[in-house]
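Asker: Mind looking at a prediction? Sequence and model below.
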Amino acid sequence: MSTFRLGRLVGTPASERGGELVAEPTYRALGELGWLDQVAVAEIDPAISDTLATRDAYGLSDDQLANCVVVGGRREGDQRFAACVVLASTRADVNGTVRRRLDVRKASFLGREEAVERTSMEYGGITAFGLPTEWLVLVDRQVADAELVVVGSGVRRSKLLVPGRLLAELPAAEVIDGLGL
């Protein structure tokens, strides 16, 4: 059994435990992409799933954690969605970069209920892996260039340890300089 380590967070390949520890759409997407051995999953206490708690519990830096936020907007009656992946040391430029990329007048974070319903993932664990295929996945260049980052798994009881390049290689991904401010 191989392990992945970042700070004090230790994970095993998703091929070994992912089916029991990650959201179903996340596991399915990783399998379809052939990445189950390149991404690790680490079981955690759901009470420390929030970014700051995970950082503190596992001795991580904000540059080792990436947040995935989901955003939506409308244009001429057409609703458009994007997932934005940025380092925890930054925040997604929703009102500038994201709004322009979605080509909408106003972009907003999805509310808890809508985010859960549209992603089939737990709030606080939403990840870029396994999102609806019509969504954009906007990845900050700093995330794409990271050797390894910690991201959500689709559930609050685990985290994924992912090479940043895999986030950039997602089918709907666009790497954007300065997405995170």
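Answerer: Yep, that arrived.

Asker: Hmm, residue 44 is touching residue 161, no?
Answerer: No. Between residue 44 and residue 161 there is no contact under Cβ atoms under 8 Å: 11.5 Å. Just so you know, the C-beta spots here come from the backbone N, C-alpha and C atoms, and that holds for glycine as well.

Asker: which neighbours do the two share?
Answerer: Each of residue 9 lies in contact with both residue 44 and residue 161 under the rule Cβ atoms under 8 Å, 6 or more residues apart in numbering.

Asker: who has more neighbours, these two?
Answerer: residue 161 (25 against 21; other Cβ atoms under 10 Å).

Asker: Which of the helices and strands in the protein ranks last by mean pLDDT?
Answerer: Using mean pLDDT, DSSP states H and E, the weakest-scoring helix or strand in the chain turns out to be helix 14-21, at a mean of 90.

Asker: quick one: the most far-flung residue of the chain relative to its centre and residue 147, what's the gap?
Answerer: If you look at how far each residue of the chain sits from its centre, by Cα atoms, centre = their mean, the farthest one is residue 76, at 28.6 Å. Per Cβ to Cβ, to the nearest Å, residue 76 is found 42 Å from residue 147.

Asker: ok so, going back, please export the C-alpha coordinates of the least confident helix or strand of the chain as CSV.
Answerer: The C-alpha trace of helix 14-21 is given here as CSV (Å, rounded to 0.1, in the frame of the first residue of the first chain):
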residue,chain,number,x,y,z
ALA,A,14,-8.2,6.5,-4.1
SER,A,15,-8.2,3.1,-5.8
GLU,A,16,-7.8,1.5,-2.4
ARG,A,17,-10.3,3.3,-0.2
GLY,A,18,-11.9,5.9,-2.4
GLY,A,19,-15.1,4.0,-3.0
GLU,A,20,-15.9,4.2,0.7
LEU,A,21,-14.5,7.6,1.5
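
Asker: I am finished for the moment; much appreciated.
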